[in-house]
Structures are given as C-alpha cells and as structure tokens.
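Trainee: The following comprises the amino acid sequence and a computationally predicted model.
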Amino acid sequence: MILPKSNRLTNDQLNEITTLVSEFSCKIQPIIGAVRTIYAIVGDERDDLMINRLEGLSYIERIDRIQSPFKLMDKRSDLASHRITLGGVTLGEQLLVIAGNCTIDPKNPNYFYETAAAVKEAGANMIRGGVWKPRTNPYSFQGDVKSLDILLEGSRRTGLPVDTEVMEESHIQLALDAGVNCLQVGARNALNYSLLRAIGKAVGERKTAVLLKRSIHMGSISEFISAAEYIAAFGNPNIILCPRGTTPTLDGYRNHPDESITPLLKEKTWAPVVVDPSHSVGKASYVPACALAAVAYGADGLCIEAHVEPSKGIGDDPKQALTPAVLAETIRQAKAIWQLRR
Ligand code: PEP
Ligand code: MN
C-alpha cells in the first residue's frame, strides 16, 4: 500500500507509479478515504526492487507492507482512520439504526412510505427496503425493479438515506444511478467474488456504502473480512460488516445468531459492525433481545426489519418485522446499552 505525502497524487505522479509497478506485473488501485487517498498495489508486491524504487520517489511518504490476508481491512492498515457517515451518523461515534421493510411491495407502496416515516419517528437513521429479493423458493416473489422508485421516494419523503440489496452486476448501476446510499450484499452472495469486485469498482468516487452480510454458512472471521477486502481492493473502502446468523441453525431460531462474533471482528479489522438481528432469529418476538445483545457485544449499529402492519407485509415481514412501537423501544434500550458500553 502506497501512502503519498500529499492527500492525493497528481495525475503525473499516478502515471509514474503505474508505469513503475507495471514493470513488476502489478497495478495501482486508488482507494479514496475520507481524509486522503491511498494506493493499493494489486499483484505480487513482494519484489524488493519495486518497493525500493517506489520509496525513492520524493512524493511518497512510505510503503506499508502489512503481512495480512486483508491488508486494507486490517486494523493496522492506514485505512483504520477511515470513517463512514450515513444519515448524519458517523459509525463508531453514535449507534446507527437501519430499519424498514424486508421487501417493498410494489402493489402497495404506501406500506413502505408509512413504514419509512414510522421508523424515522422511532429513531432510525436509515431506511432499508428490498427491491430485488433472494428467495429460497423460485416460485416466491423475486422483487421488482419498480420498487427502486418507491425506495427513493421513501428517502425523499423522510430525508433519510436508503439501503437495498443488489444481487447481480446489472443491479449495481441501476441502484447507483437511482441514488441508493448503501448497497447490501446478501448472505447468499457474500462470497460471490465477481459481484464484490464489481461493487468495489462501480462505486468509484461516490461515497456509497456497502453493507456486507456474513455468508450464510459458518464462514470463518478471516473469510468474512477477506470478502470485504475484495470490495476495498477494487476501490470502495465504505464497508460495513453485517453478521446476520449462519447455518446450521440453532433449533427454534431461523439461523444461528452470531452477534457474538463482533469482538472477534473488531480485533482484526477497523470496519464497523452492524448486526442484523432479524434474519439471525427470524421471529419478531425474539428480535429485540438479539438486537440488545449485539450492542452489548460492541456492535456499531443494527439493521432491523420493521413494518407498520407486519401481517400485511410480504417477504419476511409477516414473521419477523417489528412494529414501529417495538422498534422505538428497542432503539431506546439499544442506545442506553451503547452509552453504558462507552
Ligand atoms: C434481507 O436483508 O432481507 C435478506 C435477504 O438478508 P440476508 O441476505 O441476510 O438473508
Ligand atoms: Mn428479509
């Protein structure tokens, strides 16, 4: 990783280092951080001659050679000072709450608009709403691109940023062009490296965040952070890690709740952790306790499914969405635990 003396290299300087590393079959990938841009060397960067030549350039402060499988996401990385702000909340400084429908119902957009207003009132900082849905059953509703307009209208009406899952490369540009603030990578796609790479690249100079769910099978901590490294290595450092329960399930819960991995993640990576208690336990009555446990474990935020009338919802909402009243109380208690932990 190349750290320049200035906040950003000039085009001439970037061209010079690109040519230099290409002699060693490497490429340069700029990673635009909140304060300064750093330059990842993509390829085998162990060649001492290449490193010596780079270090000899007057505009280079130093070359960071962290021995880690995830050198950008590692706690020791220069990116560790990177901060992500969504809905006025800087992760790590305040608890971030994302809430909203599992699935936007394109036939009844008012449920989404009413939910968006209600979750804002309950204290959420960002709205979630599924446009495209990964469904276990191929005959279930798979989402509808029309819901993208509904999602953004919900954002306009509330003034809050929005999060939605992208499942295919073709969804990424549609979501970015619409103005989605956070792209969600679901548990089924969490190890889809070509999708992760495409998300890293597509975001470019935008500040769009990525909520990366933990893969559905009990992936190791390193596997989870390495998936995030794909997104960072291709250009986007605005990554939030989202434990959401894994399989095999804990009998009675939808998945095996994994909010307890939060401290293990934090030992290795600087990335903020936003836990999804809804998919972890899969039933509305169990969600608040899981949400509070996540905050006790050190989570920086929560992503919770909520609906003004869960029984009228689609997707997961009838079984696991919180009503606005329960959401409001959960947020109140979660903030209290968050304060205690500080
Ligand atoms: C969702 O957020 O509605 C969802 C499908 O999540 P996951 O990928 O965690 O199952
Ligand atoms: Mn869901």
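Mentor: Perfect, I can see it now. Numbering: from 1, shown residues only. Ligands and ions are numbered 1, 2, ... in the order given.

Trainee: May I have the residues that are in contact with the closest residue to ligand 1 within the stretch 51-200 of the chain?
Mentor: Distances between the stretch 51-200 of the chain and ligand 1 by C-beta to the nearest ligand atom are smallest at Gly186, namely 2.8 Å. Heads up, the C-betas are built off the backbone N, CA and C, glycines and all. For Gly186, the contact set (C-beta atoms under 8 Å, 6 or more residues apart in numbering) comprises Pro134, Glu165, Met167, Lys213.

Trainee: Among those, which pair sits farthest apart?
Mentor: Farthest apart among the contacts of Gly186 by C-beta to C-beta are Met167 and Lys213. That separation is 11.9 Å.

Trainee: Mind checking which of the two has more residues around it?
Mentor: Using other C-beta atoms under 10 Å, the more surrounded residue of Met167 and Lys213 is Lys213, with 25 against 20.

Trainee: measure that one to Asn110 for me?
Mentor: 28 Å (C-beta to C-beta, to the nearest Å).

Trainee: do the same with Ser147
Mentor: According to C-beta to C-beta, Ser147 and Asn110 sit 13 Å apart.

Trainee: who's in contact with the residue of the stretch 201-342 of the chain found nearest ligand 2?
Mentor: Per C-beta to the ion, Asp316 is where the stretch 201-342 of the chain lies closest to ligand 2, at 3.6 Å. Asp316 makes contact with Cys102, Thr103, Ser278, His279, Gly282, Glu305, according to C-beta under 8 Å, 6+ apart.

Trainee: thought the fifth one was touching His256?
Mentor: It refers to Gly282. No: between Gly282 and His256 there is no contact under C-beta atoms under 8 Å: 11.0 Å.

Trainee: anything in contact with each of these two?
Mentor: Common neighbours of Gly282 and His256 (C-beta under 8 Å, 6+ apart) are Gly245.

Trainee: Which one's more surrounded, these two?
Mentor: Gly282 (21 against 15).

Trainee: ok, and the closest non-adjacent residue to the more buried one?
Mentor: Arg254 (2.3 Å; C-beta to C-beta, 6 or more residues apart in numbering).

Trainee: I figured the one you found was touching Ala284, is that so?
Mentor: No: contact criterion C-beta under 8 Å: Arg254 and Ala284 do not qualify, at 11.4 Å.

Trainee: So what's the predicted local confidence for the residue nearest to Gly282?
Mentor: pLDDT, Arg254: 98.

Trainee: In contact with it, which residues?
Mentor: Residues near Arg254 by C-beta under 8 Å, 6+ apart: Gly245, His279, Ser280, Val281, Gly282, Lys283, Gln320.

Trainee: one more time with 7 Å, if that's ok
Mentor: Gly245, His279, Val281, Gly282 (C-beta atoms under 7 Å, 6 or more residues apart in numbering).

Trainee: So which bits of the stretch 51-200 of the chain are right by ligand 1?
Mentor: Residues of the stretch 51-200 of the chain lying close to ligand 1 (C-beta under 6 Å from any ligand atom) are Cys102, Gly130, Pro134, Glu165, Gly186, Ala187, Arg188.

Trainee: can you rerun that using 5 Å?
Mentor: With C-beta under 5 Å from any ligand atom as the criterion, the stretch 51-200 of the chain meets ligand 1 at residues Cys102, Gly186, Ala187.

Trainee: And the contacts of the longest strand anywhere in the chain?
Mentor: Across the chain, the longest stretch assigned as strand under DSSP state E is strand 96-103. Residues outside strand 96-103 that contact it (C-beta under 7 Å, 6+ apart): 86, 89, 111-112, 115-116, 119, 123-130, 133, 143, 163, 274, 300-307, 313-317, 321, 327, 331.

Trainee: all helices of the stretch 151-300 of the chain, in order?
Mentor: Here the stretch 151-300 of the chain has its helices, by DSSP state H, counting those that start in this stretch, at 169-178, 193-203, 221-233, 262-268, 277-281, 287-296.

Trainee: close to ligand 1, is the fifth one?
Mentor: Yes: remark: helix 277-281 sits within contact range of ligand 1 at His279, by C-beta under 5 Å from any ligand atom.

Trainee: about what we covered before: take the contacts of strand 96-103 and keep only those in helices.
Mentor: Of the positions in those, Tyr111, Phe112, Thr115, Ala116, Val119, Asp317, Leu327, Ile331 sit in helices, assigned by DSSP state H.

Trainee: The residue nearest to the last one when sequence neighbours are not counted: what's it in contact with?
Mentor: Excluding the flanking residues, the one nearest Ile331 by C-beta to C-beta, 6+ apart is Gly123, at 4.1 Å. With contact taken as C-beta under 7 Å, 6+ apart, Gly123 is in contact with Val97, Ala328, Ile331.

Trainee: 8 Å instead, please
Mentor: Contacts of Gly123 (C-beta under 8 Å, 6+ apart): Val97, Leu327, Ala328, Ile331, Arg332, Lys335.

Trainee: With neighbour count and pLDDT added, can I get the ones in helices among the contacts of strand 96-103 in TSV?
Mentor: Output for those, formatted as TSV (neighbours: other C-beta atoms under 10 Å; pLDDT from 0 to 100):
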residue	neighbour count	pLDDT
Tyr111	21	98
Phe112	26	98
Thr115	32	98
Ala116	29	98
Val119	31	98
Asp317	27	98
Leu327	29	98
Ile331	23	98
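
Trainee: ok, so of the residues you listed, who is nearest Trp270?
Mentor: Using C-beta to C-beta, those come closest to Trp270 at Ile331, 25.2 Å.
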